Each structure stands twice: as C-alpha cells, then as structure tokens.
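[1] Got a sequence here, can you build the structure:
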Amino acid sequence: MTICMHFFTLIVKVLTLPLKLMEAVGMYGIYKRFFPFVIYKLSASYNVKMKEKKMDLFSNLSDFKGNRPLRILEIGCGTGANFEFFPPGSSVICVDPNPHFKKYLQKSMSVNDHITFESFVVAAAEDMGAMKDNSMDVIVSTLVLCSVDDTPRTLREAHRILRPGGAFYFLEHVVADPSSWTYFFQHVLQPLWYYFGDGCELIRATWKDLEAAGFSELKLRHISTPLSYLVKPHVMGYAVK
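    I've put the predicted structure just below:
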C-alpha cells in the first residue's frame, strides 16, 4: 500500500503545480483575503458537529482563574468560533497572522457579550513577541497546530506566555492510524489540501510535539469525531505549565 500511496501522492503533486506557481509569484495572497470567509462558513458547521466535544474540552477553564478575571489568549483565533464556550467575565486577546479575520471577530464579539475583548494582534503563533512572559491564565488552540510552520516553536511560545500553573488547551485534527485507508487518503490528498486549507496539513502527529513540549502535566485524548474521514481523527485536552 505504501508504494501505491506514494505513486498517487506524486500524481496529485503534479496536478497542484499551477497552485505552487501561483504561490511563488504571490498570487496565492488573493486566497488569503478570501479564506476568512471560507472559515466563517465552515466554522458554523464545525461548531454544530463538535459542540459537545468543545463543551467538554472547555468545561474546566474557570479552574485556572486567579484573583482576577480569567485571561485567555487564543492563537489562530480565526472567526472567534470558540467565544461562546468561554466562561462569563473572561478577558480575551486574539492572535492570528491573517488580518482579514478582524471583521469576523467583531461579528462574533457582538453576539458574545459575556466576555471582554482586549485586542486583536496580527502575528504568527511562532513569534508572539508582543505578549509578555507569564502573562496569561489560559491559551487556546483549536485547528491551529495543523498549519503553523513550526509546531515545537509555537508550543515554546505558549509555554513562555502562560503564567506558572496556567494551561494550554487544544483541539486538533491529526494523522490517522497507518493501517487505515484514512491514512492513505490523507497522504495522497495532502498536496491539494495544503492550498485549500491555507497551509493546513492532514498528516501531522501533533500529540508527539505536545508530549515533548515540557509541560508539567498533559491531559490528552485521541478521539474520533463526526466529521469527514480526512479530519475525523483528533486529539484534545490541555497541558499545564
């Protein structure tokens, strides 16, 4: 099956050469302006299907609250699809490398007045220099670690920014079991998926990076989700600094 997988992956890579050329000459930037609209539409469907999972994931956010309102930093915040799950009174800072998400964040904030929006920072998750050391109670990452350029560096930044005892929450799709057909098609379609998903990768074993990130405690579960087979395998949980 491995030889067959590599053969079909090569075919898909050849078919995506025009997209690679568009990226090389800068034309792919047009899609980055349109991408927030795509995510805005997809997030609504994702939240319906994953509502119970998200409610479970974020059920103990308030446990990490100190003597002030809970401070949450959401990296790769996108359109603000997680806001409805944050505890009332929380203060939220959003970070995303795509500035075109801002208007969708404002829409989400207008219907989630139970939380306070501090600011929107345009930055890559690997380099959040505007954020001070030990400054946040919670950092949230959902469907983000699949598309960052450097996962270990992103996790180091999260660890730096969290206060001692703070927690990094994650919900990420991951590569499937190597014996499955899902694994086969994830690899075959990855070259095309990369462009559709603005750098998203289907074939990351993200749990390995989380295990190696140096957190004092890691609560991680592998789950099967009610989504398309390509993104059905997920990991979810939180890591404590």
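[2] now the helix or strand containing residue 51: mean pLDDT?
    Remark: residue 51 resides in helix 29-57, with elements defined by DSSP states H and E. The average pLDDT for helix 29-57 rounds to 89.
[3] can you count the residues close to residue 239?
    24 (other CB atoms under 10 Å). (C-beta placed from N, C-alpha, C; glycine too.)
[4] would it count as being in a strand?
    Yes: assessed with DSSP: H, G, I helix; E, B strand; the rest coil, residue 239 lies in a strand.
[5] what's the closest non-adjacent residue to it?
    Excluding the flanking residues, the one nearest residue 239 by CB to CB, 6 or more residues apart in numbering is residue 215, at 3.8 Å.
[6] The one you found touches residue 169, doesn't it?
    No: using CB atoms under 8 Å, residue 215 makes no contact with residue 169, being 11.8 Å away.
[7] neighbour-wise, which of the two wins?
    Per other CB under 10 Å, whichever of residue 215 and residue 169 has more neighbours is residue 169, with 23 against 19.
[8] which SS state does the more buried one fall under?
    Recorded secondary structure, residue 169: strand (three-state DSSP).
[9] What of the one 3 residues further on?
    Secondary structure of residue 172, reduced to three states by three-state DSSP: strand.
[10] quick one: contacts for it?
    By CB atoms under 8 Å, 6 or more residues apart in numbering, the contact set of residue 172 is 141-146, 206, 234-236.
[11] one more time with 10 Å
    Contacts for residue 172 were tallied using CB atoms under 10 Å, 6 or more residues apart in numbering; they are 141-147, 151, 204, 206-207, 209-210, 231, 233-237.
[12] Each with direction, which strands does whichever helix or strand comes after the helix holding residue 51 pair with?
    Using DSSP H and E, the helix or strand that follows helix 29-57 towards the C-terminus is strand 71-75. Strand pairing for strand 71-75, using DSSP bridges, gives strand 91-96 (parallel), strand 136-142 (parallel).
[13] I appreciate the help and will end here.
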